[in-house]
Structures are given as C-alpha cells and as structure tokens.
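Visitor: A predicted structure for the sequence below; I have some questions about it.
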Amino acid sequence: MSWGRPGLTKELFGIDLRSLAAFRMGLGAVLLWELLDRMKGIEEHYTRDGLVPGSVLESLAAHPVYSAHLLSDTLAFQVFLFAIALVAAFMLLIGWRTRVATIVSFVLLLSLHSRNPLLLHHGDSLIRFLLMWGMFLPLGAVFSIDAKRRLAPSLASPVLSIGSAALLLQGFFVYLIATISKLQYDAWWEGRALYAVVNKASYARPLGEYVAQFPEVLELFTHATLFTEGAIPILLFSPWRRDLCRVLAVLLGIGLHVGIFLVVDVGTFQPITSLALFPALPASFWDRLGWRVGQGSTVEWRPRRWPEALGGFLLAYTIASNTLALGSGMNTMPEPLQTVGQVLRLDQRWRMFANTDVTIQGWWVVIGKLDNGTDIDLLHGTPEVSLERPERYYREMPNMAWRTYWANISRDHYAPFRPWMGRYFCRWWNRDAEPPFQVQAVSVVFVQELNYKPELGGVLRPRELAATDCRDFAKAAH
C-alpha cells in the first residue's frame with residue numbers, strides 16, 4: 001500500500017497512540033452508560049410484550065431486518081445479550097482483549113439498533129461508526145491491560161492506516177455536514193434556530209427554559225453555534241500550525257457540547273460527538289500534559305491486507321454516503337450497495353436540528369377510559385387529563401430512548417407501528433389494575449405546539465395518534 005508523501009500523510013491521517021487510548025476509554029465509558037440507560041426500557045422496547053414486538057418489526061420493515069436480538073423476543077434472552085454487551089464494553093474501557101471487545105461491542109450494538117429503529121438518534125449512529133472504525137485500529141496498544149500484560153506489541157506512534165484516516169474523517173464529516181445542512185435553512189441565518197430547540201418540551205432543561213425568555217440572546221448563540229460547528233472541520237485539517245489548530249478544534253467541540261448540555265437534554269449525543277474529535281489530538285498535546293508512553297523497542301504497526309481492503313470499502317461508502325446526503329438530504333446508493341448499507345446501517349445523515357421549523361415539538365398524552373366511564377391520564381396515573389404543556393416535561397421521560405420513540409412514532413413514516421402502542425398501554429395498565437379501574441379503551445394524543453418563532457405564541461394542535469379498544473385486544477390475545 002502506498003500513501004504518497006509519508007511525512008505529510010502521517011501528519012494528516014496518523015493518530016497518536018495516546019489519543020487512541022483516550023478515545024478507547026471514552027468510547028467504553030459512553031457505551032456502558034448507553035447500555036445501562038437502555039436497560040431501563042428493555043421490556044418495553046425489545047420484547048414481544050413491548051411497543052414493537054419482533055414479529056411486527058419484521059412484517060412492517062421496508063427491508064429485511066438482521067438482528068441477533070430477534071432470535072428470541074423473551075425478556076430473559078434480551079437481558080442475556082445486554083449482559084454480554086456490558087461485559088464487552090467494560091473490556092473495551094480497561095483495554096483487555098481489546099480487539100475482541102471492540103468487534104463484539106460493534107456487532108451487538110448494530111444488532112440492538114436494528115432491533116428497534118424507532119429509538120435511534122444521531123448519537124446512536126455516531127457511536128456505532130466510532131466502534132466500526134475502532135475495529136481497524138490498535139486501541140489497546142497503550143494504557144491498557146493488553147499492553148500491561150504484553151498481549152499487544154509495543155508500537156511506534158503515530159499509527160497510519162485506512163482505519164486511522166476513516167476515524168479522523170468521521171469527525172470531520174459530522175461537523176461539516178451538520179454545518180452545511182444548517183446553512184440551507186432560514187432559521188439559522190435569521191438566528192432563531194436555537195429558540196425552536198430550547199422550546200421543545202421534551203428537551204429543555206431549566207436553564208434552557210430560562211434563556212428561552214431572551215430571543216435576542218438565543219439569536220447570538222445561534223450564530224455562535226453555526227460559526228463553531230463550521231470552524232471545527234476547517235481546523236481539523238488546517239495546513240497552518242496543525243497541532244495548535246487540532247487542539248483548538250477539540251476544545252471548541254467540547255465547549256460547544258457542554259453549552260448544549262446545559263440547556264437541553266439530548267442523552268449521550270454530546271459526549272459521543274465530542275469523543276469523535278479525540279483521535280485528532282496531536283502528540284504535542286500529550287507531551288505537554290506529561291502523559292508519556294514507556295520507552296523501549298517499538299515496531300511499525302502494519303495492518304493486514306484484508307482488513308485494510310474492508311476498511312477501504314467502508315471508507316469509500318462513507319464518503320459517498322455523506323456526499324449524497326448533502327445533495328438531496330437522502331442517501332440513494334445503487335443496488336446491491338444499498339442492501340449492504342441497510343444491513344450494516346452504513347448510511348450517514350448528519351443533519352441534526354437543521355430545519356428547526358419542522359422539528360416535531362410538543363408532548364404526548366395517553367388517555368384511558370375506565371370501566372366506570374371516566375377518563376384517566378395513564379402516564380401519570382391521575383384522574384386529571386390535560387392537554388396543556390406540562391412543566392419540565394423532559395424529566396417525565398425515563399431516558400432519551402423514550403423521548404426518541406415518542407418523536408418517531410409521531411412521524412407518518414412510523415404510523416403502521418401505532419396500533420401496537422395502544423395495545424401496549426392496554427396491557428401495561430390492566431396487568432396490575434383491578435375492576436373497575438381497568439381501562440376499556442386507550443387514546444394516544446400528540447399535542448403539537450407551534451412555537452419555533454417567538455411571534456407564534458405557542459399555538460396547540462392536538463392530534464390523535466392511536467385509538468385502541470382494550471376489550472377487542474384482550475379477546476384477540478385469548
């Protein structure tokens with residue numbers, strides 16, 4: 001394999017082993033966090049008694065679904081797979097049998113994401129891609145149990161391969177596509193995009209609710225966000241003072257996501273997106289921090305040919321996918337590449353909060369009609385049913401997976417899954433309730449709030465997503 005000018009290529013696409021170690025530990029920690037968080041809804045989201053039974057997913061999916069999590073829809077089997085994934089994530093964190101841990105983590109995460117696509121957000125896609133590129137790199141070369149026990153050879157730093165180039169380009173594409181996508185919409189040019197984001201009932205933290213009272217401040221922050229996102233990909237591959245620019249890119253990314261974290265709750269999206277920049281940290285950064293690897297005989301890391309060939313294909317697909325997404329907003333790969341992309345979930349579309357004028361804003365109310373004819377709010381278990389905007393609504397959601405499910409089920413694309421949502425709430429409530437407090441019917445209402453502009457004043461548009469007769473469902477079940 002020839003890389004042209006070795007010095008320049010290594011500077012652009014080589015990764016310091018310490019940066020890989022920091023990336024590996026961060027990736028393992030975030031993956032553990034994500035898996036433990038998803039276990040809060042393991043029965044609801046991944047079993048036959050939940051919102052999306054496996055048989056329903058396979059019958060309604062637009063293309064064949066390949067997932068180990070579909071081998072059994074029982075709770076015990078899902079817990080078993082989650083346990084394996086947690087062990088692999090912990091092994092990745094400490095750097096023990098790192099290559100095996102990375103591959104197992106990627107395969108099980110891909111399987112988990114394929115099992116219920118209604119739960120996925122951009123952060124889920126990014127962590128999957130980071131794991132994919134990590135399979136092609138010596139993540140456990142330093143500061144790991146593998147290195148301590150001499151399970152990994154002492155390698156020269158930096159490492160250069162298709163995998164290192166792909167990992168660096170991944171962060172580049174995320175910020176580049178996100179910036180270009182935002183520039184296509186008036187909300188970002190006019191400075192009102194962040195107003196729409198912080199006014200989402202299912203996102204805003206207390207600080208976000210506070211700053212929402214000051215549209216002028218949010219206008220300034222909107223332009224600052226756009227400038228910061230746009231500066232990061234330029235700094236990552238700047239020909240001038242490369243080390244300084246890359247450190248600045250990482251610090252800007254972390255600062256940007258800390259700011260987002262303070263005003264809105266979007267789950268693990270911020271740490272994952274910040275983590276994508278860690279591989280860009282140069283050797284001089286770690287030298288100044290005093291984090292040095294032990295001296296000794298080192299060997300040049302030489303990746304094997306077939307992994308490099310596979311990595312080259314995946315990188316080519318990634319470049320093509322991001323290029324296509326820029327044009328139409330959709331990925332239109334020709335067959336059979338489209339099938340490969342669907343199975344491996346390779347398509348990339350980093351248009352986070354680009355068109356905030358059509359971002360789904362609102363909240364959901366699940367109304368149950370009891371045996372005695374009265375209505376009840378099933379989500380809160382209270383007799384008062386209100387369509388008014390709830391206070392601190394994001395705190396009522398167990399986690400980001402639940403918020404993502406509600407947002408997706410409100411979209412017409414996922415409308416065929418709505419009847420099973422109503423059935424789930426029938427079964428969930430009546431499982432513990434006794435007559436006359438069992439529900440006869442369930443109605444799921446989405447209350448859309450038009451508040452992406454200050455002058456709209458929060459116009460409400462209730463819309464029923466699902467209406468289910470629990471008695472008919474119970475008869476069909478028997």
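Guide: Looks like it arrived, so ask away.
Visitor: quick one, strands of this structure?
Guide: Remark: strands assigned in the chain by DSSP state E are 362-370, 375-377, 439-450, 459-469.
Visitor: Buried deepest among those strands, which one?
Guide: Stretch with highest mean neighbour count among these: strand 362-370 (a mean of 22; mean count of other Cβ atoms under 10 Å). In short, each C-beta sits where N, CA and C put it, glycine included.
Visitor: Using JSON lines, please lay out the strands of the chain together with distance to Thr9 and mean pLDDT.
Guide: Putting those into JSON lines (distance: least, Cβ to Cβ, whole Å; pLDDT from 0 to 100) gives the following:
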{"stretch": "strand 362-370", "distance to Thr9": "50", "mean pLDDT": "91"}
{"stretch": "strand 375-377", "distance to Thr9": "61", "mean pLDDT": "93"}
{"stretch": "strand 439-450", "distance to Thr9": "51", "mean pLDDT": "90"}
{"stretch": "strand 459-469", "distance to Thr9": "53", "mean pLDDT": "90"}
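Visitor: Reformat those strands as a markdown table; add distance to Ser274.
Guide: Shown next, in a markdown table, are the strands of the chain (distance: least, Cβ to Cβ, whole Å):
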| stretch | distance to Ser274 |
| --- | --- |
| strand 362-370 | 29 |
| strand 375-377 | 38 |
| strand 439-450 | 30 |
| strand 459-469 | 35 |
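Visitor: Would you enumerate the residues in contact with the residue lying closest to Pro398 once chain neighbours are set aside?
Guide: With Cβ to Cβ, 6 or more residues apart in numbering as the criterion, Pro398 has its nearest non-adjacent residue at 5.1 Å, and that residue is Lys40. By Cβ atoms under 8 Å, 6 or more residues apart in numbering, the contact list for Lys40 reads Pro398, Asn399, Ala401.
Visitor: dump the residue contacts of the second one.
Guide: When you say that, I think you mean Asn399. So Asn399 contacts Asp37, Arg38, Lys40, Gly41, Gly267 (Cβ under 8 Å, 6+ apart).
Visitor: Now restrict these to buried residues only.
Guide: Buried by 16 or more other Cβ atoms under 10 Å: Arg38, Gly41, Gly267, out of the contacts of Asn399.
Visitor: can you pull out the helices in the stretch 301-450 of the chain?
Guide: In the stretch 301-450 of the chain, the helices defined using DSSP state H, counting those that start in this stretch lie at 305-328, 337-344, 400-409, 418-430.
Visitor: Dump those to JSON lines, plus distance to Ala467.
Guide: Shown next, in JSON lines, are the helices of the stretch 301-450 of the chain (distance: least, Cβ to Cβ, whole Å):
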{"stretch": "helix 305-328", "distance to Ala467": "36"}
{"stretch": "helix 337-344", "distance to Ala467": "32"}
{"stretch": "helix 400-409", "distance to Ala467": "14"}
{"stretch": "helix 418-430", "distance to Ala467": "7"}
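Visitor: would you turn the ones you listed into a markdown table with mean pLDDT and distance to Thr382?
Guide: A markdown table is the format used below for the helices of the stretch 301-450 of the chain (pLDDT from 0 to 100; distance: least, Cβ to Cβ, whole Å):
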| stretch | mean pLDDT | distance to Thr382 |
| --- | --- | --- |
| helix 305-328 | 87 | 44 |
| helix 337-344 | 87 | 43 |
| helix 400-409 | 91 | 19 |
| helix 418-430 | 92 | 13 |
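Visitor: and Tyr195, which of the strands of the chain is closest to it?
Guide: Nearest to Tyr195 among the strands of the chain is strand 439-450 (12.7 Å), distances taken as Cβ to Cβ.
Visitor: Run a quick neighbour tally on Leu51.
Guide: When counting by other Cβ atoms under 10 Å, one arrives at 26 neighbours for Leu51.
Visitor: give me every residue that touches the residue lying closest to it once chain neighbours are set aside.
Guide: In this structure, Leu51 finds its nearest non-sequential neighbour in Tyr424, 4.9 Å apart by Cβ to Cβ, 6+ apart. Neighbouring residues of Tyr424 by Cβ under 8 Å, 6+ apart: Glu44, Asp49, Gly50, Leu51.
Visitor: next one: Ala283
Guide: Applying Cβ under 8 Å, 6+ apart to Ala283 gives the contacts Asp16, Arg18, Ser157, Pro158.
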